[in-house]
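Q: Sequence first, predicted coordinates after that:
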Amino acid sequence: MTLEIALFIIFAIVCVVSSVLMITRPNPVISALFLVLNFAGLAGLYLTLNAQFIAVAQVIVYAGAIMVFFLFVIMLLNPEKEKKFFKQKPKLKIFIVVIVALVLLQIVYMIFLSKPLNAINPEVARSVDAGTVETIGREMFTKYILPFEAAGYLLLAATIGALVLAKKKFE
């Protein structure tokens, strides 16, 4: 077993365990923390698949920005209403359990009964190189420089507009 396969298995186990713990925790804040751990495990999986840019984006965008947003929403909402909702509709619980069982059976079938292809065609080999930070940076700053700069100016204009609106409210 190579180091790459061992790391992939470890990150996969971290993802599976943290997702199960995220779903089973009664406290939504603790569930959100397990979701952050799941995002970190996914970033590790992306690194083992030679997709460095997606791994970095996973950590910055999801584990950083999206989780802060989730925590604000969790703090503002009242999670006690959800418990009452499931008590009022017990058939919905049964439906959810059936859907989860079907998805689990599909995953087990794909892992244990399907046969992967052993031949790697040249398109797949090129796609492995496409996820590196170097390739994405070269494309972004050569072929796509105009849209990249336009997005930068758009974000700058939005930031200045937000500052102007916030300043008017304080005065």
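A: In hand now; what should we look at?

Q: could you point out where this structure is predicted with low confidence?
A: The chain contains residues with pLDDT under 70 at 78-86, 116-120, 124-125, 127-129, 131, 168-171.

Q: where along the protein do the helices fall?
A: Along the chain, the stretches classed as helices by DSSP state H are 3-24, 28-48, 52-57, 67-76, 80-88, 90-112, 122-130, 133-142, 145-170.

Q: Of those, flag the one that's most buried.
A: Neighbour counts (mean count of other CB atoms under 10 Å) averaged over each of the helices of the chain peak at helix 28-48, with a mean of 18. The way it works is simple: take the backbone N, C-alpha and C, and place the C-beta from them, glycine included.

Q: distance between that helix and the chain's centre?
A: Distance of helix 28-48 from the chain centroid (CA atoms, centre = their mean, to the nearest Å) equals 8 Å.

Q: what packs against that helix?
A: For helix 28-48, the packing partners by 3 or more CB pairs under 8 Å, 6 or more residues apart in numbering; DSSP states H and E come out as helix 3-24, helix 52-57, helix 67-76.

Q: Next, the angle helix 67-76 makes with it.
A: 160 degrees (axes from the mean of the first three to the mean of the last three CA atoms, to 10 degrees).

Q: Run through who's touching helix 28-48.
A: By CB atoms under 8 Å, 6 or more residues apart in numbering, the residues outside helix 28-48 that reach it are 4, 7-8, 10-12, 14-15, 18-19, 21-23, 25, 52, 54-56, 58-59, 62-63, 67, 70-71, 74, 79, 131.

Q: which residues touch residue 133?
A: Shown in contact with residue 133 (CB under 8 Å, 6+ apart): 52-53, 56.

Q: What is the burial count for residue 51?
A: Residues within reach of residue 51, counting by other CB atoms under 10 Å, total 21.

Q: Next, it: phi, psi?
A: Here is the backbone geometry of residue 51 (degrees, to the nearest 10): phi -120, psi 70.

Q: got it, and residue 113?
A: The phi/psi pair for residue 113 (degrees, to the nearest 10) is phi -110, psi -20.

Q: contacting residues around it?
A: For residue 113, the contact set (CB under 8 Å, 6+ apart) is empty.

Q: Residue 107 versus that one, what's the distance?
A: 11 Å (CB to CB, to the nearest Å).

Q: Same check on residue 100?
A: Plainly put, residue 100 is 11 Å away from residue 107 if you go by CB to CB.

Q: Closest to residue 123 out of the contacts of residue 133?
A: The closest of the contacts of residue 133 to residue 123 turns out to be residue 53 (CB to CB; 19.2 Å).

Q: Wait, the closest one touches residue 138, no?
A: No - applying CB atoms under 8 Å as the test, residue 53 and residue 138 come out as separate, 11.7 Å apart.
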